[in-house]
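Trainee: Predicted model and sequence below, questions to follow.
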Amino acid sequence: MDKIQIKGGNRLNGELKISGAKNAALPLMVASLLSDEPLTLTNVPHLTDISQLTEILCGLGVDLVMNGDGHAEAETGRVITLTARNITSTFAPYDLVRKMRASFLVIGPLLARCHQAQVSLPGGCAIGTRPVDLHLKGLEAMGAEIELIEGYVHAKAPGGLKGAHFHFPFVSVGATENLMMAASLAKGTTVLENAAQEPEITDLGLCLMAMGAKISGLNTRTLTIEGVDRLNGTAYRVMPDRIETGTYLMAVAAAGGEVELIGARSDLIGAVIPLLSNAGVKIGETNRGIKVSRNGAHYEGVEVTTEPYPGFPTDLQAQLMALVCTAKGTSRITETIFENRFMHAPELLRMGADIAIEHQTAVIRGVERLKGAQVMATDLRASVGLVIAGLAAEGETTVNRVYHLDRGFERIEEKLGGLGADIRRIKG
Ligand code: UD1
């Protein structure tokens, strides 16, 4: 397995392009199942999660054409055209679904278009039990009959899905996406209350509307979807990755320097900018994106709780923890979205951090400096948190098991190397 080796201490300077958002691209790709016409997505990131999903979609009969490697196409990113003219299978196997939770999103569109689906229960990052009960309850409310047989969800809706009123007991990004897609082709009107309003939901909603779906309430907690008989194809540009943006903001904050993040959108990372600015990191908008700098001055500790959007995202929690390990004073980070998402803390301890976990809260007392060490990447966002710690640390850090990183961060060693970091991949 590949490793990433970092010699800490270099400042980061220059500019880098923020990639298209993984968490927006995945549901957008799945939306292709809703139409028999081509859906062309631009600005798609070059990541293993994307390739994984293409495999699942091809298995269902989606015809797929992919251009570029996301490298040369600074403007368009990768371009993928997906055409689900004939869905030849409604079966998504364990071997593929277990690797990535987002693949469970195929169940809603398959049920809506083919009135049946057999999808393995999902896997994904080991950050808690992560059930799919809300996806299933919502589909049942829309008339689906669901059985769990040997690790597979067998779902059918003989007369097609029907519009329904569904109240989410708590916010779920994936379940909102699944039900939104299913409702677009259901008979009648669906109202989703306490729905997620993450920017990726809005991105999906805008694309579905471009395909002919009738959706109102985007950017709010109540979505109303009037089902239509068919959806058409369209071309849609994936939004920039807000998690990658926040990650590089924190990397520069940790290592020092000045970097312009081209294509980044400050409106997508509402809670992050004030938090970092209050801690002493300089962040401003430019006409090309966002500029971040920290020159010498120490930054302050923070107190923050992860929350559904527009709150502070759980997907930036590990990166923030790595950053505040060397902040002035004590920080408190409370994780409310996932039950087991502090696995990076013991790794940061190996680097000399002072962290105590009290239930859902990590109490981090700032130390003068972290020291390089061998650490292990346990999940996607934790891995990049360790990279940030390595950039700021004294000496050499080796992040082992980096396959998680490749699932969600495009060419990270190249991007950071281009800014002056001493970072390299060791092929394993
Ligand atoms: C998505 C993101 C992930 C992010 C998360 C929260 C993608 C591909 N992934 O994941 O990066 O960390 O949102 O912002 O977009 N839950 C249930 N039952 C369900 C569904 C969810 O109990 O049926 C729980 C989960 O275990 C978790 C919480 O609800 O504790 C939130 O999960 P959810 O918002 O659904 O996250 P994902 O869509 O899986």
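Mentor: Arrived safely, thanks for sending. Numbers count the residues shown, from 1 in each chain.
Trainee: contacting residues for G311?
Mentor: 271, 305 (C-beta atoms under 8 Å, 6 or more residues apart in numbering). Where C-beta positions appear, they are placed from N, C-alpha and C, glycine not excepted.
Trainee: and the spatially closest residue to I243 that is not a sequence neighbour, what is it in contact with?
Mentor: Of all residues not flanking I243 in the chain, D315 sits nearest, at 4.6 Å (C-beta to C-beta, 6 or more residues apart in numbering). Counting by C-beta under 8 Å, 6+ apart, D315 touches 23, 243, 246, 381.
Trainee: What of L136?
Mentor: Counting by C-beta under 8 Å, 6+ apart, the residues that L136 touches are 144, 146, 153, 155.
Trainee: tell me which parts of the stretch 251-400 of the chain are close to the ligand?
Mentor: 314-315, 337-338 (C-beta under 6 Å from any ligand atom).
Trainee: Columns secondary structure and pLDDT on top of these, output as a markdown table?
Mentor: Converted to a markdown table, these look like this (DSSP: H, G, I helix; E, B strand; the rest coil; pLDDT from 0 to 100):
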| residue | secondary structure | pLDDT |
| --- | --- | --- |
| T314 | helix | 96 |
| D315 | helix | 96 |
| I337 | coil | 94 |
| F338 | coil | 89 |
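Trainee: returning to that earlier point: which pair in the contacts of D315 spans the largest distance?
Mentor: Based on C-beta to C-beta, the longest span within the contacts of D315 runs between N23 and G246 and measures 12.5 Å.
Trainee: and the helix or strand of the chain with the lowest mean pLDDT, anywhere near the ligand?
Mentor: The helix or strand of the chain with the poorest confidence is helix 403-408; it has a mean of 85 (mean pLDDT, DSSP states H and E). No. Helix 403-408 stays clear of the ligand (C-beta under 6 Å from any ligand atom), getting no nearer than 8.0 Å.
Trainee: sorry, back to before: and which of the contacts of L136 is nearest the ligand?
Mentor: Looking at the contacts of L136 and their distance to the ligand, the nearest is V153, at 11.5 Å (C-beta to the nearest ligand atom).
Trainee: any idea how far the residue of the chain found nearest the ligand lies from A195?
Mentor: The ligand sits closest to G174 of the chain, with a gap of 2.8 Å, by C-beta to the nearest ligand atom. G174 sits 12 Å away from A195, going by C-beta to C-beta, to the nearest Å.
Trainee: between those two, who's got more neighbours?
Mentor: Neighbour count, other C-beta atoms under 10 Å: between G174 and A195, A195 has more, with 26 against 22.
Trainee: confidence score at the more buried one?
Mentor: Each residue has a pLDDT score; the one for A195 is 98.
Trainee: Kindly report the same for D69.
Mentor: Value listed for D69 in the pLDDT field: 57.
Trainee: quick one, which residue of the chain lies the farthest from its center?
Mentor: For the chain, the largest distance from the centre (C-alpha atoms, centre = their mean) belongs to G159, which lies 34.3 Å off.
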